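**Student:** can't give you the sequence, but here's the structure:
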């Protein structure tokens, strides 16, 4: 049971309703009228709880679980303990996400504008949008319906935000157009100058950055991440992309749709990620590169060259992942040989 | 002398009082009634100042220092210049810290609630707690005694904070329970969603993150660091752990007691650090790993496997540190041989 | 044309005025009275626009561009299409920056103090300085003329800020002296405690950090970067240095004049960078090191030793860049040989 200081559980819900929400089917003997009141992990769950099995290594927990219902892949459904109601799905984790969202839905804004907010008279705020205390909303700002603007967030002149979008506390938005169903987490900085200046012995000369940031629908940008605006064109975060915390997106970067960029990664100016690219934690992508659709960049890699679509790369400089592991194995082998002098041997002293 | 615009020096204090506070002893001829009024480094200090010697390489400074008193290890006390009062300690840096804290104590909050703060009528704030202008404190928040809540900090619904805890300016706290004597620096984000979602061709489906963040007593979390809440269980930062700036702690991470995590490191979801683990700067620890008590992870390492208690690892992928340096030396050697073709030779052209 | 929701274009300007501002010369047949109204890239520009050519790889765009005027290096001026007015400069990018700044000048503050700001009665704010809503300005703060203090920025007791300096929204400044023409971006944290504590089995003992941060004139510090104050002396950022986003500067660090520190890099405590040092993205510089004037540290390097003036280093641990690339080539070669057993061969299977 989630901490009721923070979470209000909705429901209860019938098995039938859960199956429908989850895109799951019931077992032939499943009773759609059974009622459930919460989610819980397999080893904690009781008869009123719904669990999920997403990984074969937890099958032993599954077999002895007291969960009243469980989301499970058809291949593993046969291992269920007697009496457990099954929600059968070919993507159990997704179905579980949908079930959990029924019990713990996103908060619906109430359309409350705090008297402690500072809202320019020329700003336009849609119906049902919450604006928390200390939020500062500048001239000509347009915010859609059903949004939540967090405490002490700053939305600068001219920014436009779509519908059902959340801006977290203490975030700063400028020079940007934000879509619908976007979630911008606390402390995010969007739209500041990119790192662009001319080098001159007399001192650096800033180049005016006259582009914007475009954040498309269903994007998430994690806490304290930074997205610089374009120098002439725009920096674009494509539809449905998920950006984690402490990520840096440089000016003029184009991120395709459905990308995943994990914590503390950075993409330097003018690089272009295709669709469904995965950039793992602490990766650095150099500037002016192209990373093709579906490419996957392993954690801590340093990408210095274009990455073809579908490629999987690793290392710094990043190379195809099989090559990276060959290099690692080679170095391990040679280092142990080196220690044993000319006698060779392949002692693997890990 | 510290800049009086920013620092108010307390005291003066007698040598005897300093020795007591510092857990140090006096030399046999030490006069506990001598009075001192400030701390200063060896090369700057004068007769009214207290210095410390913590590193043999500064012994030459020590021998000619004009400091009226100095914290020193028994092994080096004999090298003191004539007339210098000695505070003898087996841990000189710790003793110096305690002496300096006498002269520059933490500010004591005055129990002032700024009229510019936004405090929900249902929040409860303990005696002697300061709340600065622009701070936003939500419903059902509980804050203990003697705390300081910084300007424009945001404390969301239901958060509980213990006694004598400091929350820095512009920080954001949600879904968390914070202990006593905790120091949360400016710009920290605690309690936002972890990076959890199901992957589906139709778009990512967020998994509700229904856990919390638990921050135990005497923890420090550095500026602009981010700590995500748990997905079902909690993310926990153990007692007395010190986290530096721009660190990322993923959902469900368990950090033991007395750990040190240095700037820009990241610990991915569901990993578990034991007690007294040292994670150096810019390290990445992958998810679902265990790092044993007392392990030390060198800067910029990429930890991809469990680390045994007491181990010292380095590199990406991280390996035992001796092995890492063998690998480095091997590569240096082979690279110079490669340049000299088949003639071998071991020219070390650094 | 930049988005007029966000940008107001100044001008128009004559070719003569542009040449003068840009430090460029006209072609012999150039007509200084020609009028231009905007900047645009070569492939978009029209007869009223000014472009620039900064890179030979865009010469083909240049030859067919419809830009009315273009900033160009003397060596490439001969390739201009007929009818294009030329602004000839030996540093075209710098000249373009100056031209673009004419059309898109920095906003001039209007001297407006928002009633929503919280300003201590003892603070002194110079003429023509803007202070936005929610900004919190503490006792004894001194701010110069023509500054802009962003929404919800926090300036703590005693901080001094020079003239024509910008502090971005949601930034936090404490224990610091800031010069003239400084740009501190949103979310920056300046002046918090450095990561200094004595290690003791009973728990860490914080060492009071009684130094400051000095930020010299014409410095920029990027979004969400963190600069810790000194432990006794000061942390110093030298004149004209440019620091990007999410950078960490540890306590007692000295950064010389005209340095460039790119996103997500970190410089550990007590290290010293000379003048005009370039620290690329995601670099880590260990503590107590010296990096000489004009040194260049490649992206993701881990600097563990002093770097001589003018050196170019790469890798972790960082070595001279030529050596790094030899090491990479060696490892690639050996890894492919390893795969082919004793038959050697130099198949480069990238």
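**Tutor:** Thanks, I have the structure now. What you see is a predicted model; the values in this text were computed from it and never measured.
**Student:** need the strands for the stretch 251-350 of chain A, in chain order.
**Tutor:** Here the stretch 251-350 of chain A has its strands, by DSSP state E, counting those that start in this stretch, at A:254-255, A:260-261, A:266-267, A:272-273, A:278-279, A:284-285, A:290-291, A:296-297, A:302-303, A:312-314, A:319-320.
**Student:** now those strands in a markdown table, with mean pLDDT?
**Tutor:** As requested, these are exported to a markdown table (pLDDT from 0 to 100):
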| stretch | mean pLDDT |
| --- | --- |
| strand A:254-255 | 98 |
| strand A:260-261 | 98 |
| strand A:266-267 | 98 |
| strand A:272-273 | 98 |
| strand A:278-279 | 98 |
| strand A:284-285 | 98 |
| strand A:290-291 | 98 |
| strand A:296-297 | 98 |
| strand A:302-303 | 98 |
| strand A:312-314 | 98 |
| strand A:319-320 | 96 |
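**Student:** reformat those as a markdown table; add mean neighbour count.
**Tutor:** Backbone N, C-alpha and C define where each C-beta goes, glycine included. Formatted as a markdown table, the strands of the stretch 251-350 of chain A follow (neighbours: other Cβ atoms under 10 Å in any protein chain shown):
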| stretch | mean neighbour count |
| --- | --- |
| strand A:254-255 | 24 |
| strand A:260-261 | 26 |
| strand A:266-267 | 31 |
| strand A:272-273 | 24 |
| strand A:278-279 | 24 |
| strand A:284-285 | 28 |
| strand A:290-291 | 22 |
| strand A:296-297 | 23 |
| strand A:302-303 | 24 |
| strand A:312-314 | 21 |
| strand A:319-320 | 20 |
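**Student:** out of those, flag the one nearest residue B:282.
**Tutor:** Nearest of those to residue B:282, taken as Cβ to Cβ: strand A:284-285 at 11.2 Å.
**Student:** show me where pLDDT drops low in chain A?
**Tutor:** Along chain A, segments meeting pLDDT under 70 span A:338-350.
**Student:** at 50 what do you get?
**Tutor:** A:341-350 (pLDDT under 50).
**Student:** any chance of the strands of the stretch 251-350 of chain A in TSV, plus distance to residue C:282?
**Tutor:** Shown next, in TSV, are those (distance: least, Cβ to Cβ, whole Å):
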stretch	distance to residue C:282
strand A:254-255	18
strand A:260-261	14
strand A:266-267	6
strand A:272-273	17
strand A:278-279	13
strand A:284-285	5
strand A:290-291	17
strand A:296-297	14
strand A:302-303	8
strand A:312-314	16
strand A:319-320	18
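**Student:** closest to residue C:141 out of those?
**Tutor:** Among the strands of the stretch 251-350 of chain A, the nearest to residue C:141 by Cβ to Cβ is strand A:266-267 (33.9 Å).
**Student:** could the strands of the stretch 251-350 of chain A be laid out in a markdown table, adding distance to chain B?
**Tutor:** A markdown table is the format used below for the strands of the stretch 251-350 of chain A (distance: least, Cβ to the nearest Cβ, whole Å):
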| stretch | distance to chain B |
| --- | --- |
| strand A:254-255 | 14 |
| strand A:260-261 | 8 |
| strand A:266-267 | 11 |
| strand A:272-273 | 16 |
| strand A:278-279 | 10 |
| strand A:284-285 | 11 |
| strand A:290-291 | 18 |
| strand A:296-297 | 12 |
| strand A:302-303 | 10 |
| strand A:312-314 | 10 |
| strand A:319-320 | 14 |
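**Student:** ok, which of these comes nearest residue C:264?
**Tutor:** Taking the strands of the stretch 251-350 of chain A one by one with Cβ to Cβ, strand A:266-267 is closest: 5.1 Å.
**Student:** strand partners (parallel or antiparallel) of that closest one?
**Tutor:** Strand A:266-267 sits in its sheet next to strand A:248-249 (parallel), strand A:284-285 (parallel), going by DSSP bridges.
**Student:** okay if I get these as TSV plus distance to residue A:177?
**Tutor:** Below are the strands paired with strand A:266-267 laid out as TSV (distance: least, Cβ to Cβ, whole Å):
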stretch	distance to residue A:177
strand A:248-249	15
strand A:284-285	24
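**Student:** need the contact list for the residue nearest to residue A:196 when sequence neighbours are not counted.
**Tutor:** In space, residue A:196 comes closest to residue A:207 once its chain neighbours are excluded; the distance is 4.4 Å by Cβ to Cβ, 6 or more residues apart in numbering or on different chains. Contacts for residue A:207 (Cβ atoms under 8 Å, 6 or more residues apart in numbering or on different chains) come out as A:196, A:197, A:198, A:231, C:93, C:96, C:97, C:100.
**Student:** in helices, which of the residues you listed appear?
**Tutor:** Members of these lying in helices (criterion: DSSP state H): C:93, C:96, C:97, C:100.
**Student:** and the contacts of residue A:207 as JSON lines, adding distance to residue A:16 and neighbour count?
**Tutor:** What follows is the contacts of residue A:207, written out as JSON lines (distance: Cβ to Cβ, whole Å; neighbours: other Cβ atoms under 10 Å in any protein chain shown):
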{"residue": "A:196", "distance to residue A:16": "57", "neighbour count": "20"}
{"residue": "A:197", "distance to residue A:16": "62", "neighbour count": "19"}
{"residue": "A:198", "distance to residue A:16": "66", "neighbour count": "19"}
{"residue": "A:231", "distance to residue A:16": "55", "neighbour count": "22"}
{"residue": "C:93", "distance to residue A:16": "65", "neighbour count": "20"}
{"residue": "C:96", "distance to residue A:16": "65", "neighbour count": "27"}
{"residue": "C:97", "distance to residue A:16": "65", "neighbour count": "22"}
{"residue": "C:100", "distance to residue A:16": "63", "neighbour count": "26"}
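**Student:** residue A:253 is in contact with residue A:269, correct?
**Tutor:** Yes. Counting by Cβ atoms under 8 Å, residue A:253 is a contact partner of residue A:269 at 6.6 Å.
**Student:** neighbours around residue A:288, how many?
**Tutor:** Residue A:288 is flanked by 11 other residues according to other Cβ atoms under 10 Å in any protein chain shown.
**Student:** I figured it was touching residue A:254, is that so?
**Tutor:** No. Using Cβ under 8 Å, residue A:288 is not in contact with residue A:254; the gap is 11.6 Å.
**Student:** what do those two both touch?
**Tutor:** Counting by Cβ under 8 Å, 6+ apart, the residues touching both residue A:288 and residue A:254 are residue A:271.
**Student:** just the buried residues of the lengthiest helix in chain A, please?
**Tutor:** Longest helix in chain A, counting residues (DSSP H): helix A:321-339. Along helix A:321-339, these residues count as buried under the neighbour rule (16 or more other Cβ atoms under 10 Å in any protein chain shown): A:321, A:323-324, A:326-328, A:330-338.
**Student:** same list, these, but only the ones touching chain B.
**Tutor:** The residues of those that also fall near chain B, by Cβ under 8 Å from any Cβ of the partner chain, are A:328, A:331, A:332, A:334, A:335, A:336, A:338.
**Student:** just put these in JSON lines and tack on distance to residue C:185.
**Tutor:** What follows is these, written out as JSON lines (distance: Cβ to Cβ, whole Å):
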{"residue": "A:328", "distance to residue C:185": "39"}
{"residue": "A:331", "distance to residue C:185": "41"}
{"residue": "A:332", "distance to residue C:185": "43"}
{"residue": "A:334", "distance to residue C:185": "46"}
{"residue": "A:335", "distance to residue C:185": "44"}
{"residue": "A:336", "distance to residue C:185": "48"}
{"residue": "A:338", "distance to residue C:185": "48"}
